[in-house]
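Undergrad: pasted the sequence and its predicted model underneath.
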Amino acid sequence: MAPRWESNPNIRRGRMVVCTLHAHLVFTPKYRRGPCTDEILRRCEEIMRAVCADFETELVEFNGEADHVHLLVHYPPKVALSRLVGSLKGVSARRLRQEFPGHIRKYLWGDHFWSPSYFAASCGGAPLSIIKEYIENQKRPG
């Protein structure tokens, strides 16, 4: 007998929760100086995939330009996004500075690589207008 539902790889199932959480993250290097080359971006993606695996999250998509990177992350509700971001930025900064010291030193000084700020947006699922309409149309008792 076939199941009544189709399996969806974007839906995480736990003992007490069923969820699908995606976040779009953007990181910029300190002073937006633009130290990223194709080689640095490839290595940065490898490092960030490993960090995501440690957090039991999935780096769905990664890309960037000389002065910023974009990530699409699929994460479980037990992961605090701010802690994930801190690890992604901290580990990648340390490793990139170790592996590309001469190149990065031309653009950045001190012990910093990433700007302390970042952009995060929830994404996936239905648009907010649809969810708002769905909630408004619930049949309230009485």
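TA: Thanks, I have it.

Undergrad: quick check: Phe55 touching Gly86?
TA: No: the pair Phe55 / Gly86 is not scored as a contact, 10.8 Å apart, by CB atoms under 8 Å. Backbone N, C-alpha and C define where each C-beta goes, glycine included.

Undergrad: neighbour count for those two, which is higher?
TA: Phe55 (17 against 12; other CB atoms under 10 Å).

Undergrad: residues contacting that one?
TA: Phe55 makes contacts with 75, 79, 83-84, 87, as judged by CB atoms under 8 Å, 6 or more residues apart in numbering.

Undergrad: for Met16, see how far away it is.
TA: Here the criterion is CB to CB, to the nearest Å. By it, Phe55 lies 19 Å from Met16.

Undergrad: then Val79?
TA: 15 Å.

Undergrad: between these two, who's got more neighbours?
TA: Val79 (16 against 5).

Undergrad: quick check: phi and psi at Thr20.
TA: Backbone torsions of Thr20, given as degrees, to the nearest 10, read phi -140, psi 110.

Undergrad: OK, contacts around it?
TA: 8, 10-12, 74, 124-125.

Undergrad: farthest-separated two in these?
TA: Arg12 and Gly125 (13.2 Å; CB to CB).

Undergrad: between these two, which one's more packed in?
TA: Arg12 (18 against 12).

Undergrad: ok, then the element right after the lowest-mean-pLDDT helix or strand in the chain?
TA: Every helix and strand in the chain was compared by mean pLDDT, DSSP states H and E; the lowest is strand 12-13, with a mean of 72. Using DSSP states H and E, the helix or strand that follows strand 12-13 in sequence is strand 18-19.

Undergrad: averaged pLDDT, the longest helix along the chain. What do you get?
TA: In the chain, taking DSSP state H as the definition, the longest helix is helix 81-99. Averaging pLDDT along helix 81-99 gives 96.
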